[in-house]
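Asker: Build the 3D model from these lines:
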Amino acid sequence: MKIAAAQIQAFEQNTNANIQNHLRMIELAALEKVDLILFPELSLTGYERALASSLSFTLGDSRLCVFIEKAKHHQMYIVVGAPISINSELFIGSFIFSPSGSSCIYTKQFLHDGEEQYFSPGNSLNPLIEWKDEKISFAICADISHAIHPENASKLGSNLYLAGIFYTPNGIDEAYKQLGLYAKNYSMNILIANYIGNSFNLPGAGKSAFWNAKGELVSNLNSTEENLLIVEF
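Answerer: Next up, the predicted model:
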């Protein structure tokens, strides 16, 4: 299976520009015959809190149709981040678009300090995807700082754990340590996609990375450039 993390810089309050940047990365991934591409936390809007409600998406949002079409055309899973409105509640979520044309949602379970003022934690939307002989679970940012989250993914039988994140330079080294241990302890391949540049007046640390099921850091990106991290396993 060939997977990719899209390390991008967000355009503040410019969802259309962010969508176009996603499409650019998807086309680059398609040239490499990638089976799945993962984007960072809240990638369609950038990391926004106070503006998240006005920037939010729903599952039937017409702006998402292009991702459904691209997933079908390229036979690729596409995982994008967004604030998602569900039944009058706002969640930090991931839209997961499948090659079949179907889509589903994962919602962030563990909120970072301050996020609870704007978002609800999500516990009911936690899909397990089976694709190319892999069982895939999802995470968003602060989820990975709680060991119970990857442990639960392992109990579901997952062997690939995908996390879209927004980590700053202050936290990325600790995240690397945690993720390496999770990969080893739960025999899971782990992929993270992070931002570069500023969002929410904070610097993204980049360093999107992949660990194999032995806990070995196989490949990672630098902290300054938009790029695709592509791994085949």
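Asker: Identify the spatial nearest neighbour of H149, chain neighbours not counted.
Answerer: Once flanking residues are discounted, H149 sits nearest to D143: 4.6 Å by C-beta to C-beta, 6 or more residues apart in numbering. In this view, the C-beta of every residue, glycine as well, is placed from N, C-alpha and C.
Asker: whoops, L179 was the one
Answerer: Using C-beta to C-beta, 6+ apart, the closest residue to L179 is I190 (5.3 Å).
Asker: quick one on the thing from earlier: residues in contact with the residue nearest to H149?
Answerer: 108-110, 149, 163 (C-beta atoms under 8 Å, 6 or more residues apart in numbering).
Asker: repeat for K214
Answerer: 183-184.
Asker: what's the weakest-modelled helix or strand in the protein?
Answerer: When the helices and strands of the chain are scored by mean pLDDT, DSSP states H and E, strand 198-199 comes last with a mean of 90.
Asker: Within the sheet, what are the partner strands of it, with directions?
Answerer: Strand 198-199 pairs in its sheet with strand 202-203 (antiparallel), by DSSP bridges.
Asker: quick one: buried residues of the next helix or strand after the partner strand?
Answerer: Remark: after strand 202-203, the chain's next helix or strand is strand 209-211, criterion DSSP states H and E. Residues of strand 209-211 classed as buried: 209-211 (neighbour count, 16 or more other C-beta atoms under 10 Å).
Asker: how far away is the closest residue to Q117 other than its chain neighbours from E225?
Answerer: Using C-beta to C-beta, 6+ apart and skipping residues adjacent in sequence, the residue nearest Q117 is R49, 7.2 Å away. Here the criterion is C-beta to C-beta, to the nearest Å. By it, R49 lies 26 Å from E225.
Asker: Thanks a lot, catch you later.
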